[in-house]
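**Student:** What follows is a protein structure lacking sequence information:
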């Protein structure tokens with residue numbers, strides 16, 4: 001439980017999560033002195049994180065009990081989930097860049113900033129949800145053993161470990177909302193907030209690029225191209241809806257028609273997962289997975305090193321590039 005909590009704390013610094021929390025923390029600067037509102041946002045964020053972790057853990061434990069081979073981050077094994085995450089991240093980036101404003105029409109007359117329009121309790125709750133979803137590719141130190149252990153324990157004990165993980169992830173933002181001294185460390189509201197808001201859109205776009213690569217690894221380059229085209233059409237639709245004048249409806253209709261056509265005609269390409277490769281590897285050092293070969297190696301008294309990996313696993317990809325392809329490591333093997 002303690003290791004899960006510490007792992008959740010460290011998860012805040014992971015590249016998957018940090019941009020989202022930075023984006024949300026920036027909204028606090030627009031509400032200096034509104035202690036009650038900030039605390040409610042902190043609690044809403046906590047509820048979003050904890051609810052998502054418990055829901056994810058419940059699904060994992062239930063799937064394990066049913067005999068499915070699932071683990072942490074299993075939802076990113078699904079091509080449709082990756083595609084939806086691409087859309088969510090793109091919309092977030094467009095929102096941050098000012099292409100469209102959520103709730104601006106309701107609050108613009110009051111002179112509220114664009115950041116303020118996203119600072120409600122619902123926004124804080126879903127920020128917590130999004131933080132958990134994108135945290136799946138990142139496994140922080142101290143976290144791996146705790147998550148692995150959670151799947152071997154009775155269900156309620158496993159849920160306690162995931163609850164501790166969620167509390168660790170939510171604690172820094174919660175403290176920033178509840179601890180007045182933390183608010184004093186934040187800079188005062190000003191024009192810089194708009195610049196920061198727009199700049200934070202670029203890490204979101206970088207996440208879209210990464211997710212497109214993951215989708216391409218899971219399916220095909222054609223799937224990535226189709227999804228990229230759909231993302232462009234969606235961007236055009238969002239942009240068109242913000243235009244003024246009669247051309248707004250025409251432009252929106254064109255982009256909407258393109259988007260519907262792409263989803264209807266080419267959508268199946270995005271979710272079509274190719275068969276696993278079983279041919280011999282072109283790399284003489286590594287061999288494709290084979291239970292028979294492993295059994296034969298054990299029978300001969302040989303040790304076997306298995307690279308059990310996933311395209312969406314950031315830690316796996318870093319290890320592959322920095323360690324498993326290192327000539328000295330391969331020579332040692």
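**Tutor:** Perfect, I can see it now. Remember, it's a predicted structure, so these values are computed and weren't measured experimentally. Numbers count the residues shown, from 1 in each chain.
**Student:** going forward, measure contacts between C-alpha atoms and count neighbours the same way
**Tutor:** OK.
**Student:** Can you tell me the element the residue sitting nearest the centre point of the chain falls in?
**Tutor:** With distances taken as C-alpha atoms, centre = their mean, residue 134 lies nearest the centre of the chain, 1.6 Å away. Per DSSP states H and E: residue 134 is located in helix 121-135.
**Student:** so after that helix, what's the next helix or strand?
**Tutor:** Following helix 121-135 in sequence, per DSSP H and E, is helix 143-150.
**Student:** For that next one, buried residues please.
**Tutor:** By 16 or more other C-alpha atoms under 10 Å, the buried positions in helix 143-150 come out as 143, 146, 147, 150.
**Student:** low-scoring stretches of the stretch 201-333 of the chain, by residue?
**Tutor:** Of all residues in the stretch 201-333 of the chain, those with pLDDT under 70 make up the ranges 275-284.
**Student:** To which secondary structure element is the closest residue to residue 248 other than its chain neighbours assigned?
**Tutor:** In this structure, residue 248 finds its nearest non-sequential neighbour in residue 240, 5.6 Å apart by C-alpha to C-alpha, 6 or more residues apart in numbering. Taking DSSP H and E as the criterion, residue 240 maps to helix 221-241.
**Student:** Show me how far that helix is from its chain's centre.
**Tutor:** Centroid displacement of helix 221-241 relative to its chain, using C-alpha atoms, centre = their mean, to the nearest Å, is 19 Å.
**Student:** Against residue 53, how distant is residue 160?
**Tutor:** Applying C-alpha to C-alpha, to the nearest Å, the value for residue 160 to residue 53 is 10 Å.
**Student:** Correction: the previous question concerned residue 333.
**Tutor:** Residue 333 is 38 Å from residue 53, by C-alpha to C-alpha.
**Student:** neighbour-wise, which of these two wins?
**Tutor:** When residue 333 and residue 53 are compared for neighbours, residue 53 comes out ahead with 24 against 11, by other C-alpha atoms under 10 Å.
**Student:** if I read this right, residue 126 contacts residue 48, doesn't it?
**Tutor:** Yes - contact criterion C-alpha atoms under 8 Å: residue 126 and residue 48 qualify, at 6.1 Å.
**Student:** Same drill for these two, tell me which one is more crowded.
**Tutor:** residue 48 (24 against 17).
**Student:** Could you list every helix and strand that the strand or helix carrying that one packs against?
**Tutor:** In this assignment (DSSP H and E), residue 48 forms part of helix 35-65. Applying 3 or more C-alpha pairs under 8 Å, 6 or more residues apart in numbering; DSSP states H and E, one finds that helix 35-65 contacts helix 121-135, helix 155-178.
**Student:** buried ones in it?
**Tutor:** Those would be 35, 37-54, 56-58, 60-61, for helix 35-65 by 16+ other C-alpha under 10 Å.
**Student:** neighbouring contacts of stretch 301-310?
**Tutor:** The contact list for stretch 301-310, computed with C-alpha atoms under 8 Å, 6 or more residues apart in numbering, reads 289, 294, 297, 298, 316, 317.
**Student:** Report the two of the residues you listed separated the most.
**Tutor:** For the contacts of stretch 301-310, the farthest-apart pair by C-alpha to C-alpha is 298 and 317; their separation is 27.5 Å.
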